[in-house]
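Enquirer: prediction below, plus the sequence it came from.
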Amino acid sequence: MKKFAGQSIIDKLSERFEASKPQLTSNTTIAEVRKKALNHLVENGLPHPKAEEYKFTNLTRALEKNINFELETETVSVSKEDVEKLRIKGLDAYYLTYINGEFSADFSDEVAAEGATFTPLSTAIAGDNALASKYFDKLSKSTEDAFVAMNSVLASEGAVIEVKANTVIEKPIFIQHINTRSSDVQVKNLIEIGTNAQVTVIEKVDTLGAEPGFSNVVNEIGVAAGANTKFYKIENDTPTSYHISNIHVTQAKDSRFTSNTIALDGAMVRNNLDIKLEGEGCEAYMNGLYLLHGKTHVDNHTTVDHTMPNAYSNELYKGIMDEKSRGVFNGKIFVRKDAQKTNAFQSNKNILLTDDATVNTKPQLEIWADDVKCSHGCTTGQLDKDALFYLMARGIRKDRAMAMLLHAFASDVIENLEIEPIQAYVEAIITSRLEK
Amino acid sequence: MSDDNQILEEFTSKEYEFGWTVDLEADEAPKGLNEDIIHFISAKKEEPEWLLAWRLKAFRMWQKMEEPDWANVKYPRVDYQDIKYYSAPKKSKKPKSLEEVDPELLATFERLGISLTEQKRLTGVAVDAVIDSVSVATTFKETLSELGIIFCSFSEAVQEHPELIKKHLGSVVPMTDNYFAALNSAVFSDGSFCYIPKGVRCPMELSTYFRINAANTGQFERTLIVAEEGSYVSYLEGCTAPQRDENQLHAAVVEIKAAKDAEVKYSTVQNWYPGDKNGKGGIYNFVTKRGICEGDNSKISWTQVETGSAVTWKYPSCILKGDNSQGEFYSVAVTNNYQQADTGTKMIHIGKNTKSRIVSKGISAGYSQNSYRGQVQVMKRATNARNFSQCDSLLMGDKCGAHTFPYIDIENSSAQVEHEATTSKIGEDQIFYCQQRGIDEESAVALIVNGYAKEVLNKLPMEFAVEAQKLLALTLEGSVG
């Protein structure tokens, strides 16, 4: 018998789908996808606590308890100051701002770079934009993850970004989400990077107020041959907000994709990062830092699927768990039969600062090809006592010495963040945390 | 070498008929599993009431359980009603001397370096003719009983030491632990019982070799080892020679208890029938092995060399309950052709200053799938727990797979846990180097594989280690080139 969870949520979602049916099913191609996703949800439910993929993260129960999933239409005013405050200081970017999942032209910049086009998802669907049908629920599949299915049923807004071949977008594109409701926000971004193009996309989700909110964001990113894409995900939401992110990437020949995931706060955060290397000579880099305190629960699930030869992937995730926080890491590396000469590396390092903090990690290697170099390493421990002693012997107070060592621990990942204002932003948060 | 190869080729490609024709004995249970069968087994073994009740309880639990499907192995579902759960020791036609034994089998023994008397025993040459072996066994028995060590078959122990069995049976692996453990609890046929009294250091390796009637313990074995305070024992199970068995399903349970300052070393070499070259037939080996370090400063060490069975599902584990207790797991798992192995360990740190070490070496060849699945858990109160895990995989060819699923769950900030895994293949330069020095390719592969697995093989008792090395080479023959 199949184990079923989240019935009450699914009932509400079905109701909502029926209520806004005309709007959600205006485009016939997308309508099909939505119906299929809903059927899948109704049949299979949300992740059961025993489901392997959500074993340590009972998001279903947390949502049932905290989020009402009612359709809210009430408009809220968000001030310019709020929007500015939640951005990153000193970062020059094309800001695309969404309030409660609705695109806000007032707060957003025009993406004025040549070769790049931005369309809100609703417009793209209404206008039968080719990218919408090409990517919507295509790279991420509703059959594989219940939250992707949920997103595919209800997501009516998001960003559709196309970068034409051979264009280099100098300024990063910053997708900013600000939520104010205790309900859910479903957003889907579809991004296509043309041959040899280069772009950086940053995504940050924030909640205003102390109400618990839930945001479910899916990014589907197609990286064409020779292109270079960097994706930043900054998670520093309120301690009562729930978030799930699905980033699904396919890479063509000789392309490069870098993902940087920085998790700093939130009630429960789940990141699914799934990269498929579908051409020869691809490179994928995954950096992650989770610096947790309070009762924050962050779960990073990453998958790299090597399907073609001569590809390279490198993953580095580091975590510092303080107070009653919990860090979960699951890194999968698949090396398929044809992916000879693959180099795949993975490293996950954790520090527990208190006995109330927990870490659950599962690095997973699955290999079907013989001429490969693959390794993973995983450590959990505490700060080096000798190093601490060394610093204290030189007259540095214990808390200062600890802060220095934790900074050093996190610096591997921070150094990989190529954008200086983001580095500074993360550094400042670490410093303020450690000084507390 | 080529002659040997040919022999081996024939040997491995041959459908094995030896031992498959058995004259049906009168005391054999009909196929299927129900409470009557359990009554039947229990009555046959003249078991006390409480054991029957225990079996029945396990059976009722088992009926409510579902067969686990999380392991990374695929096999057709077992029809549990199509299995005979009890048959008395088989009286098949026994060859009178080694001359009557399949020469190819003997050739294999020769290559494994198994002594003549051992060969006779393994091929089932009437045991009473093997005077040496009998006398050896008797002498051993005397020495052991002088020290107060009990080492006998499980049924014997039930009759003679019921209080010990009653106290310890199911205390490490409860009957409801998992599907196969429950099945075993309901229908276990026989096995070994070993009890080391306080302060006794067992002077020899206890091996199922020396227990003569261990030859036919059947498919649902149950082993219980109890080491009292300050005692030490090294226990060997299995044997390097190919074991031909008609039972497809093996669901054994091994329980180990180590009291304060006790040390138990458990070594296994498993070489059951892996099925033919096309993956037909072969044994399903679903084993639950677990030890508990109950007392402070106790130590349990598992060493396994897995080369046989079509499907292996086996996770020898240690519960480190006592302070300063230690758990170790050393494993070499080799899969070839269509074999599948999902094996690993669990180290549960409960006590303070507990240490564990895991070294797992997987070797996959042919079309096989080899998985390491392990868990290291540090509970909240287990301060200063320390674990080091290393799991390496070696792949030969691009048709096989190597998988690692390590779970690391830490709830204590003073824990230090490290895990590393690598995957590699045998380097062409390494083979070239050997060939340049006149070592042919097959031997070079054997040499390199043995070097790769050395860390584990070194942990085996010496005689075993020599055989295991040869066994590795033999299992992998023909998989490179």
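Expert: Yep, it's here. Residues are numbered from 1 along each chain as shown, chains lettered A, B, ... in the order given.
Enquirer: stretch B:314-328 vs chain A: in contact?
Expert: No - with Cβ under 8 Å from any Cβ of the partner chain as the criterion, chain A is not reached by stretch B:314-328; the gap is at least 15.4 Å. Heads up, the C-betas are built off the backbone N, CA and C, glycines and all.
Enquirer: now that stretch: mean pLDDT?
Expert: What stretch B:314-328 shows for mean pLDDT is 95.
Enquirer: ends of that stretch, how far apart?
Expert: Taking Cα to Cα, to the nearest Å, the first and last residues of stretch B:314-328 lie 15 Å apart.
Enquirer: touching, residue A:126 and residue A:27? I think so.
Expert: Yes - in this structure residue A:126 lies within contact range of residue A:27 using Cβ atoms under 8 Å: 7.0 Å.
Enquirer: comparing these two, which residue is more hemmed in?
Expert: It is residue A:27, of residue A:126 and residue A:27, that has more neighbours when counted by other Cβ atoms under 10 Å in any protein chain shown, with 19 against 15.
Enquirer: relative to residue B:308, how far out is the more buried one?
Expert: Distance, residue A:27 to residue B:308, using Cβ to Cβ, to the nearest Å: 58 Å.
Enquirer: for residue A:431, same thing?
Expert: 58 Å.
Enquirer: and these two? which has more neighbours close in?
Expert: More crowded of residue A:431 and residue B:308, by other Cβ under 10 Å: residue B:308, with 27 against 13.
Enquirer: okay, that one: pLDDT?
Expert: What the model reports for residue B:308 is a pLDDT of 80.
Enquirer: surely it touches residue B:272?
Expert: Yes - here residue B:308 reaches residue B:272: they are 3.8 Å apart, a contact under Cβ under 8 Å.
Enquirer: end-to-end on stretch B:322-341?
Expert: End-to-end for stretch B:322-341, by Cα to Cα: 31 Å.
Enquirer: measure how far it is from the centre of its chain, please.
Expert: Taking Cα atoms, centre = their mean, to the nearest Å, one finds the center of stretch B:322-341 at 10 Å from the center of the full chain.
Enquirer: ok, how many other residues are close to the closest residue to residue A:29 other than its chain neighbours?
Expert: Excluding its sequence neighbours, the residue lying closest to residue A:29 (Cβ to Cβ, 6 or more residues apart in numbering or on different chains) is residue A:133, at 4.5 Å. For residue A:133, the neighbour count with other Cβ under 10 Å is 19.
Enquirer: which SS class is residue A:133?
Expert: helix (DSSP: H, G, I helix; E, B strand; the rest coil).
Enquirer: quick one: contacts for it?
Expert: Contact partners of residue A:133, counting by Cβ atoms under 8 Å, 6 or more residues apart in numbering or on different chains, are A:27, A:29, A:30.
Enquirer: ok, the second one to residue A:16 distance?
Expert: From residue A:29 over to residue A:16 the distance is 21 Å, taken as Cβ to Cβ.
Enquirer: residue A:308 too?
Expert: 41 Å.
Enquirer: and residue B:63, how many neighbours?
Expert: Counted with other Cβ under 10 Å, the neighbours of residue B:63 add up to 12.
Enquirer: got it, and the one 5 residues further on?
Expert: By the criterion of other Cβ under 10 Å, residue B:68 has 11 neighbours.
Enquirer: equivalent analysis for residue A:10, please.
Expert: As a burial measure, residue A:10 scores 23 neighbours (other Cβ under 10 Å).
Enquirer: what helix or strand is it located in?
Expert: For residue A:10, the host element (DSSP states H and E) is helix A:7-19.
Enquirer: downstream of that helix, the next helix or strand is which one?
Expert: Past helix A:7-19, the next helix or strand by DSSP H and E is helix A:21-24.
Enquirer: neighbouring contacts of that next one?
Expert: Under the criterion Cβ under 8 Å, 6+ apart, residues A:17, A:31, A:34, A:153, A:154, A:156 lie in contact with helix A:21-24.
Enquirer: please redo it, this time with the cut-off set to 10 Å
Expert: A:16-18, A:30-31, A:34-35, A:38, A:122, A:125-126, A:153-156 (Cβ atoms under 10 Å, 6 or more residues apart in numbering or on different chains).
Enquirer: buried ones in it?
Expert: residue A:24 (16 or more other Cβ atoms under 10 Å in any protein chain shown).
Enquirer: now that helix: average pLDDT?
Expert: Mean predicted confidence for helix A:21-24 is 86.
Enquirer: just give me how far it sits from the chain centre.
Expert: Mean-position distance between helix A:21-24 and its chain equals 28 Å (Cα atoms, centre = their mean).
Enquirer: could you list every helix and strand in contact with the helix or strand that it is followed by?
Expert: Moving toward the C-terminus from helix A:21-24, the next helix or strand (DSSP H and E) is helix A:28-44. Helix A:28-44 makes packing contacts with helix A:7-19, helix A:21-24, helix A:121-126, helix A:130-135, helix A:146-154 when contacts are defined by 3 or more Cβ pairs under 10 Å, 6 or more residues apart in numbering or on different chains; DSSP states H and E.
Enquirer: helix A:28-44: how far from the chain's middle?
Expert: Taking mean C-alpha positions (Cα atoms, centre = their mean), helix A:28-44 and its chain are 23 Å apart.
Enquirer: any idea which helix or strand comes after that helix?
Expert: Counting by DSSP H and E, what follows helix A:28-44 is helix A:59-66.
Enquirer: what packs against that next one?
Expert: helix A:7-19, helix A:146-154, strand A:214-223, strand A:242-251, strand A:268-277, strand A:297-306.
Enquirer: check contacts around whichever residue of the stretch 101-250 of chain A sits closest to chain B.
Expert: In the stretch 101-250 of chain A, the residue that lies nearest chain B is residue A:144 (17.8 Å; Cβ to the nearest Cβ). Residues in contact with residue A:144, defined by Cβ under 10 Å, 6+ apart, are A:40, A:53, A:246, A:248, A:272, A:274.
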